[in-house]
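[1] Need a 3D model of the following:
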Amino acid sequence: MTEHAPDGYHFIYVAFVTLRNGKRIYARSYGKRAFRILVKD
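    Below is the predicted model:
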């Protein structure tokens, strides 16, 4: 993945994501090591 983040943003990589209802989704459950998330600088 060589996609670059737009100006003013960057990517972070996390092993899990917490949903609004409090449930955690783990990347390993989907065959991944991490999820990529776009965040503002």
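
[2] who's in contact with I12?
    R36, I37, V39 (CB atoms under 8 Å, 6 or more residues apart in numbering). (C-beta placed from N, C-alpha, C; glycine too.)

[3] what secondary structure does it sit in?
    strand (DSSP: H, G, I helix; E, B strand; the rest coil).

[4] got a winner among the contacts of I12 for most neighbours?
    R36 (13 neighbours; other CB atoms under 10 Å).

[5] That one and G22: what is the separation?
    For R36, the distance to G22 equals 22 Å [CB to CB, to the nearest Å].

[6] got the contact list for Y30?
    Contact partners of Y30, counting by CB under 8 Å, 6+ apart, are absent.

[7] could you pull out the strands for the chain?
    With strands called from DSSP state E, the chain shows them at 9-14, 16-18, 24-26, 35-40.

[8] and which of the contacts of I12 is nearest P6?
    V39 (11.3 Å; CB to CB).

[9] buried set for stretch 15-26?
    Under the neighbour-count criterion of 16 or more other CB atoms under 10 Å, stretch 15-26 has nothing buried.

[10] Quick one: residues in contact with it.
    A27, R28, R33, A34, F35, I37.

[11] Show the pLDDT at the second one.
    When you say that, I think you mean R28. Note for R28: predicted pLDDT of 98.

[12] H4 versus the closest residue to it other than its chain neighbours, what's the distance?
    Closest residue in space to R28, ignoring its immediate chain neighbours: A15 at 7.4 Å, by CB to CB, 6 or more residues apart in numbering. A15 is 23 Å from H4, where distance means CB to CB.
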